[in-house]
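[1] I need the structure of the sequence given here:
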Amino acid sequence: MDAEYKIIGGDGAEYGPASLDELRSWIGDGRVAGSTQVWRNDLAQWSPAARYAELQQALARLHASVSPAMASQGLRPAGFWPRLGAYVLDRALLALVFVVLLGPLAQWQHWPMPVVPETWNLQTWRQLLDQLSVSGHQMFPFIILLILLYDVLMNGTFGATLGKMAIGARVVCADGSRLGYSRALLRSLAGRLTELLLYWGYLWVAVRADKRGMHDFLAGTKVVFQR
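    Numbers count the residues shown, from 1 in each chain. Below is the predicted model of the structure:
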């Protein structure tokens, strides 16, 4: 009886059973990397793909073909300034979406919306700032939820947000495999932590040769150009 295999994909889902030839084709397609968890029916246990002797040649071919291809096709790490532009574009798009949703959310949550004064003086400025502060604290959880949904759905489905698509970049796992929804969520949460730490973790992209930020290390990801 021929051996059958299953894998745990980048999205955390189980795929298979598959034959050895099918599994090797998945390696060639980039769906399986050396660290991908693989189950073989006669062993009845999960192990990294690199530990299976019958897969090592296919993995070696993939490694030998992908690294030069990335260099020749310009699939290099995306640097600080392009990623900053993508970040600004994403946040501008999300701000526009939130403005569209603000009216229904305010009615649903009974938010006290700021009232624009008819005359401007020091007192009316202070009143307006106090109103904005109260509204901002109440809106904050919804803003974070919107960012998480956007990051996870876009990166998990397409491997890139609209901002990264605009600069021709995508997010992949550190081993080059597909991101998946669970890793996309982890990366988005790590990004929020980086922002709470005054964004200094984003500056790693500017100084590191591999252009990985703190959130990339926490999530095990990297950002590369796809053209």
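
[2] care to break the chain down by domain?
    5-67, 80-225 (automatic domain parsing).

[3] give me the low-pLDDT residue ranges for the chain?
    Residues of the chain meeting the criterion pLDDT under 70: 1, 10-11, 29-30, 62-75, 111-137, 227.

[4] partners of the residue lying closest to residue 8 once chain neighbours are set aside in the sheet?
    Nearest residue to residue 8, sequence neighbours excluded (C-beta to C-beta, 6 or more residues apart in numbering): residue 37, at 4.2 Å. Every C-beta, even on glycine, is put in place using the N, C-alpha and C of the backbone. Under DSSP bridges, the beta-bridge partners of residue 37 are residue 48.

[5] follow-up on the earlier one: can I get the domains of the chain in CSV including mean neighbour count?
    Listed next are these as CSV, based on neighbours: other C-beta atoms under 10 Å:
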stretch, mean neighbour count
domain 5-67, 16
domain 80-225, 16
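
[6] tell me who's in contact with the residue nearest to residue 8.
    7-8, 46-49 (C-beta atoms under 8 Å, 6 or more residues apart in numbering).

[7] how near is the most centrally placed residue in the chain to residue 40?
    Centroid-nearest residue in the chain: residue 184, 4.0 Å away (criterion: C-alpha atoms, centre = their mean). As judged by C-beta to C-beta, to the nearest Å, residue 184 and residue 40 stand 29 Å apart.

[8] of the contacts of residue 37, closest to residue 209?
    residue 48 (26.5 Å; C-beta to C-beta).

[9] so that closest one sits against residue 32, correct?
    No - Residue 48 is beyond contact range of residue 32, at 10.2 Å (criterion: C-beta atoms under 8 Å).

[10] can you lay out the contacts of residue 37 as CSV showing distance to residue 108?
    Formatted as CSV, the contacts of residue 37 follow (distance: C-beta to C-beta, whole Å):
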residue, distance to residue 108
7, 43
8, 39
46, 45
47, 50
48, 48
49, 48
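
[11] which of those residues sits closest to residue 85?
    Residue 85 lies nearest to residue 8 out of the contacts of residue 37, by C-beta to C-beta, at 34.6 Å.

[12] list the contacts for that closest one?
    Per C-beta under 8 Å, 6+ apart, neighbours of residue 8: 14-15, 36-37, 46.

[13] residue contacts, the residue nearest to the centre of the chain?
    Residue 184 touches 151-152, 155-156, 171, counting by C-beta under 8 Å, 6+ apart.

[14] shared neighbours of residue 48 and residue 32, anything?
    residue 38.

[15] mind listing the strands for the protein?
    For the chain, the strands defined by DSSP state E occupy 5-8, 14-18, 37-40, 45-48, 169-173, 221-225.

[16] give me the angle between the last one and strand 169-173.
    Comparing the axes of strand 221-225 and strand 169-173 via axes from the mean of the first three to the mean of the last three C-alpha atoms, to 10 degrees yields an angle of 150 degrees.

[17] how about strand 221-225 as CSV, C-alpha atoms only?
    Only the C-alpha atoms of strand 221-225 are listed here, as CSV (Å, rounded to 0.1, in the frame of the first residue of the first chain):
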residue,chain,number,x,y,z
THR,A,221,7.0,36.9,8.7
LYS,A,222,8.8,39.1,6.1
VAL,A,223,7.7,41.5,3.4
VAL,A,224,9.1,41.1,-0.1
PHE,A,225,8.5,42.7,-3.5
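
[18] I'd like to know which elements that strand is packed against.
    Applying 3 or more C-beta pairs under 8 Å, 6 or more residues apart in numbering; DSSP states H and E, we find strand 221-225 packed against strand 169-173, helix 214-219.

[19] fine, thanks again, bye for now.
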